[in-house]
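Participant: Here's my sequence, what's the structure:
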Amino acid sequence: GDKQKGLSAENIDVERNLYRDGDEYLWEIIVENKGLYEDGIPGVRLLTVEGIIIETDQYGRYHVPDQWVLN
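Facilitator: Alright, predicted model coming up:
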């Protein structure tokens, strides 16, 4: 594709982990771009369907705790 033609510097790595806690399962999906580096956008607000507001840090990163996702 585009990477082989030299049109893209992206090198996407997707890691999938499945965890079991009693009767519940949790999928953890990590997507990393190990090629082209792009700065995050600080101060972006993400709103979940449950009304939880998540704001990116000074580097444009965010985290969603497990308890916000499981139930």
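Participant: what residues are up against Val44?
Facilitator: Val44 makes contact with Glu55, Thr56, Gly60, Tyr62, according to C-beta atoms under 8 Å, 6 or more residues apart in numbering. For every residue, glycine as well, the C-beta is placed using N, CA and C.
Participant: before we move on, what about Leu46?
Facilitator: Shown in contact with Leu46 (C-beta under 8 Å, 6+ apart): Ile53, Ile54, Glu55, Thr56, Tyr62.
Participant: among those, which are in strands?
Facilitator: Secondary structure assignment (DSSP state E) places Ile53, Ile54, Glu55 from those within strands.
Participant: Is the second one in contact with Val64, as I believe?
Facilitator: Yes: counting by C-beta atoms under 8 Å, a contact exists between Ile54 and Val64, whose distance comes to 6.5 Å.
Participant: When those two are compared, which one has more neighbours?
Facilitator: Looking at Ile54 and Val64 with other C-beta atoms under 10 Å, you find the greater number of neighbours at Ile54, namely 14 against 11.
Participant: Please report how far the more buried one lies from Asp66.
Facilitator: Separation of Ile54 from Asp66 (C-beta to C-beta, to the nearest Å): 14 Å.
Participant: Save the ones in strands among the contacts of Leu46 as CSV, and put in distance to Arg16 and pLDDT too.
Facilitator: Output for the ones in strands among the contacts of Leu46, formatted as CSV (distance: C-beta to C-beta, whole Å; pLDDT from 0 to 100):
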residue, distance to Arg16, pLDDT
Ile53, 28, 90
Ile54, 22, 90
Glu55, 27, 93
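Participant: Redo these as CSV? Include distance to Lys5.
Facilitator: Formatted as CSV, these follow (distance: C-beta to C-beta, whole Å):
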residue, distance to Lys5
Ile53, 41
Ile54, 37
Glu55, 38
